[in-house]
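[1] Build me a model from this:
(one chain, ligands or ions: 1)
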Amino acid sequence: EAYDAGEHDSFMHKEMLEQPAAAERVLRGRLDDRFGTAHLGGLNMDARETRAIRRVKILGCGSAYYVGQMGAALVEELARIPADAEAASEFRYRNPIIEPDTLYVAVSQSGETIDTLLAVQEIRRKGGRVIGLVNVVGSAIARECDGGIYLHAGPEVAVASTKALTNMFLGFALLALQLGRVRDLSIADGRRLIAGLNRLPEQIQQVLDQEDALAGLAGRLAEADSLFFVGRVRGYPVAREGAQKFKEISYRHAEAYQTSELKHGPLALISPEVPTVAVVPSDELTDRNVGALHEIAARRGPLVVVTHEDVDLGGLDVDRVVVPRNERELDPILLTIPLQLLAYHAALSLGHDIDKPRNLAKSVTVE
Ligand code: AGP
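    Got it, this is the predicted structure:
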């Protein structure tokens, strides 16, 4: 069957709206409520090998790298294994130390990104174990890895990746669940996460249903030449991905910062002409995040706040985007969806080619 944009003005729009169905596909058949774990046969590792992993290193480029940061947080929170993400394009040039008890994870929609592929080859040449979180079946990265998790997002045509990224996040959640359950994650916590994962497709749909309101906000953001996207800890990779999407298709300067770093420099740039999109989930950092919003408001910086219903913004005059709450570990993906819609509608209001932004290719196959 031909894959076309159908009634949508662009593939990006179609692909954003496909996210609830794509999310169901990546989860299907992989959740085991009886043992509160995930089954990922494609990893090609038994429980003893899985248990022997001491560190997780995630490699990807662009948005895949940012979702990799979300994935590292999931692994650390659920499995309590040190984990971090790195830009695959930098990795092999710093002569990385490859350790036998580290699990390397290459993450890529296309499976053809040259920087990620070369990182995989460098690791394998030095005897490391690499698994792939890849969307395109049989792609170069998928073939080069020792095992992996296919993302089942379906074809993705728009340069600005959406549904593949959501499924990357879910792939990391499955991996973290499996790694956690051979360690200290309890069966009760495993089941809590499974219930949360099963709620996600419907909650993603609830965010997508806010498209009209987000379109209005996006039109205003598009008028600015420069914007900040801010978040902390779990929210920081969300802000990075939001800024990435915005700059890719709106061509506006969009810079991501940790909210906590604003006072160490970027606050100097806040003014009525420079809006900030702030990611403020209901979590242990809410009060500090709200404090930073007051600093921005005091400089008359316009604010769009992506947040949860129960967050008290202390009477601040902001545009508020409310997303449903899930388990705190899974919240980042729900906070990411409105940022896709903001980028898309900003680009649309500016009359840009949504699917083929200038200077960019869908997959980067030359170094
Ligand atoms: C996403 O919107 C970007 N177009 C880009 O950053 C992309 O995620 C990156 O090039 C990695 O691509 P891959 O997932 O196919 O490896």
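[2] From now on I want contacts and neighbour counts done on CA atoms only, so please keep to that.
    OK.
[3] Would you mind measuring from the residue of the stretch 251-367 of the chain found nearest the ligand to Ser63?
    The ligand sits closest to Ser363 of the stretch 251-367 of the chain, with a gap of 5.1 Å, by C-alpha to the nearest ligand atom. Using C-alpha to C-alpha, to the nearest Å, we find Ser363 at a distance of 12 Å from Ser63.
[4] Which one's more surrounded, the two?
    Comparing Ser363 with Ser63 by other C-alpha atoms under 10 Å, the one with more neighbours is Ser63, at 24 against 14.
[5] Not including adjacent chain positions, what is the nearest residue to that one?
    Leaving out its chain neighbours, the residue that sits closest to Ser63 by C-alpha to C-alpha, 6 or more residues apart in numbering is Glu241, at 6.0 Å.
[6] For the one you found, pull up the helix or strand it's in.
    In the assignment (DSSP states H and E), Glu241 maps to helix 235-250.
[7] tell me which strands and helices that helix is in contact with?
    Packing partners of helix 235-250 (3 or more C-alpha pairs under 8 Å, 6 or more residues apart in numbering; DSSP states H and E): helix 63-79, strand 226-231, strand 253-258, strand 276-280, helix 331-349.
[8] Identify the residues contacting the helix or strand that Leu117 is a member of?
    Following DSSP H and E, the helix or strand that holds Leu117 is helix 114-125. Helix 114-125 is contacted by residues 59-61, 88-89, 91-92, 98, 106-108, 111, 129-130, 140-141, 144-145, 364-367 when judged by C-alpha atoms under 8 Å, 6 or more residues apart in numbering.
[9] Weed out the non-buried ones from these.
    59-61, 88-89, 91-92, 98, 106-108, 111, 129-130, 140-141, 144-145 (16 or more other C-alpha atoms under 10 Å).
[10] ok, and which of these reach the ligand?
    The residues of the buried ones among the contacts of helix 114-125 that also fall near the ligand, by C-alpha under 6 Å from any ligand atom, are Cys61, Ser108, Gly111.
[11] So which of these belong to strands?
    Judged by DSSP state E, these include Ser108 as members of strands.
[12] Which of the ones next to the ligand among the buried ones among the contacts of helix 114-125 sits closest to the ligand?
    Proximity of these to the ligand (C-alpha to the nearest ligand atom) peaks at Ser108, which lies at 3.5 Å.
[13] Bridged to that closest one, which residues?
    Val134 (DSSP bridges).
[14] isn't it right up against Leu133?
    Yes - counting by C-alpha atoms under 8 Å, Ser108 does reach Leu133; the two are 6.3 Å apart.
[15] max-length helix in this protein?
    Criterion DSSP state H: the longest helix present in the chain is helix 187-208.
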